[in-house]
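> next come a sequence and a model predicted from it.
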Amino acid sequence: MEKLENNENTISIIGKLDVKGLVWDDARAFLAVARHGTLSMAANALNIGIATLSRRINRLEEALDVPLFVRHQTGYQLTEDGSDLIEKAEAMEAAALALSSGARQQAQLTGKIRLATAENLASGLIIPALPEFQSKHPGLMVEIVTDITTVNVHRRDADLALRMVKPQRGNVTLKRLGTLGYGLYASKDYVKRRQVGADHGSYETDAFVAWGEVQAHLPAAQWVERVLRGRSPAIITTSLSTQVSATAAGLGLAVLPHFLATDANLTCVSSDIGIDQPIYLVIQSDLAQSRRTRALADFLSELVVSNRARLRGY
């Protein structure tokens, strides 16, 4: 009878066990052996050595001052005390899994981030690469604004920008990433029928694809205006995509970014017309350390750097 009372006292100690006093690695080892029945199978499941597993079981038994398993040649069998500990160890396991899941969710970036950039960079460079960014950060939604003449990063109209004009003021940080090269392009058919004047490079007999008045500030628009010297263009368009389409249709020469013209299989008439532009990454200073902003900024930096030769036209 006295032996039974001692045994009940032992069970009572385990029943009141504070799981905070347990080492998780030891509790995990205990659960693995209890579930698999042998040290070898449990060690394999935990991807640790048998000796390490055995030490953890012994350490747990010494800490509790009770035997948890009966060792047989065929395997390990739970004692009554060990069986009473299962629920406590599983509570620790559930807490550990919840902690791990919470950490992963916390590390997962979520929300919307607004990027202001030029149409040519958006359509020809950034958007084609976005699936890679989204696969890494599925919780982030990127909003791309291409009407950058009305967007001010300092005013917080956007979180960051990839643009060709260097900000002269404002609470922003910036970094030059590369150069956007421009050339004079035409379709293959236009080149075949083109009449080159005696004064090479004057373009007096050439037709041109020009920009509208709203885009008159663009370096490409100003270059064409200077060459035309009052002559009428063949066509006026107000977007880069229509500039490319008009050129591909053989309507005339157009000033285009090298990488877009090459992608459209257009022929370069002049590769250096003196209007190449620097590419800047601009970020609100207050958001420079934001994990969401940093994720997109790092992605854009790597994207531009890895495409430097293509963007410059080499």
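On my side now, so go ahead.
> CA atoms for contacts and neighbours, from now on please.
Fine.
> what bridges to residue 173?
residue 283 (DSSP bridges).
> ok, now residue 112?
With DSSP bridges as the criterion, the beta-bridge partners of residue 112 are residue 141.
> that one: neighbouring residues, count only.
Around residue 112 sit 14 other residues, with neighbours defined as other Cα atoms under 10 Å.
> isn't it up against residue 142?
Yes. The pair residue 112 and residue 142 qualifies as a contact (Cα atoms under 8 Å) at a distance of 5.8 Å.
> output whichever strand or helix holds residue 179 as CSV, nothing but the C-alphas.
Using DSSP states H and E, the secondary-structure element containing residue 179 is strand 172-180. Listed next in CSV are the C-alpha coordinates belonging to strand 172-180 (Å, rounded to 0.1, in the frame of the first residue of the first chain):
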residue,chain,number,x,y,z
VAL,A,172,14.1,62.0,-50.3
THR,A,173,17.1,59.6,-50.7
LEU,A,174,18.3,58.8,-54.2
LYS,A,175,20.8,56.5,-55.9
ARG,A,176,21.9,56.5,-59.5
LEU,A,177,21.4,52.9,-60.9
GLY,A,178,22.3,53.2,-64.6
THR,A,179,21.7,55.0,-67.8
LEU,A,180,18.8,54.9,-70.3
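> use 548 as the first number for this chain going forward.
Shifting the count to begin at 548 puts that one at strand 719-727.
> which strands and helices lie in contact with that strand?
Other helices and strands packing on strand 719-727, by 3 or more Cα pairs under 8 Å, 6 or more residues apart in numbering; DSSP states H and E, are strand 824-831, helix 838-853, helix 855-859.
> contacts for that strand, please.
In this structure, residues lying in contact with strand 719-727 by Cα atoms under 8 Å, 6 or more residues apart in numbering are 700-701, 711, 804-805, 823-833, 835, 848, 851-852, 855, 858-859.
> just the buried ones from these?
Buried residues within the contacts of strand 719-727, defined by neighbour count using 16 or more other Cα atoms under 10 Å: 700-701, 711, 804-805, 823-832, 835, 848, 851, 855, 858-859.
> neighbours around the nearest residue to residue 736 once chain neighbours are set aside, how many?
Spatial nearest neighbour of residue 736, chain neighbours left out: residue 797 (6.4 Å); criterion: Cα to Cα, 6 or more residues apart in numbering. The burial metric for residue 797, expressed as a neighbour count using other Cα under 10 Å, is 19.
> could you do the one 5 residues further on as well?
Counted with other Cα under 10 Å, the neighbours of residue 802 add up to 28.
> how about the secondary structure of the closest residue to it other than its chain neighbours?
Among residues not flanking residue 802 along the chain, residue 731 sits closest, at 4.6 Å (Cα to Cα, 6+ apart). Here residue 731 takes the strand state, with states given by DSSP: H, G, I helix; E, B strand; the rest coil.
> residue 731 and residue 620: what is the separation?
Distance check for residue 731 against residue 620: by Cα to Cα, to the nearest Å, it reads 84 Å.
> and those two? which has more neighbours close in?
For residue 731 and residue 620, the more surrounded residue by other Cα under 10 Å is residue 731, and the numbers stand at 21 against 6.
> that one: what's it in contact with?
Neighbouring residues of residue 731 by Cα under 8 Å, 6+ apart: 800, 801, 802, 803, 815, 816, 817, 818, 820.
> against residue 597, how distant is it?
Between residue 731 and residue 597 the distance, using Cα to Cα, works out to 72 Å.
> mean confidence for stretch 598-608?
The average pLDDT for stretch 598-608 rounds to 90.
> what about residue 619, neighbour count?
In terms of burial, residue 619 registers 9 neighbours under the definition other Cα under 10 Å.
> count of residues packed around the residue lying closest to residue 769 once chain neighbours are set aside?
Setting aside the residues directly before and after it, residue 769 is nearest to residue 763 in space (Cα to Cα, 6+ apart), at 6.4 Å. Here the count is done by other Cα under 10 Å, and residue 763 has 16 residues near it.
> part of a strand, is residue 757?
Yes. Secondary structure assignment places residue 757 in a strand (three-state DSSP).
> which non-adjacent residue is nearest the residue minimising distance to the centre of the chain?
The central residue of the chain, meaning the one whose C-alpha is nearest the mean C-alpha position (Cα atoms, centre = their mean), is residue 680 at 3.5 Å. Spatial nearest neighbour of residue 680, excluding adjacent residues (Cα to Cα, 6+ apart): residue 846 at 7.1 Å.
> this completes my enquiry, with thanks.
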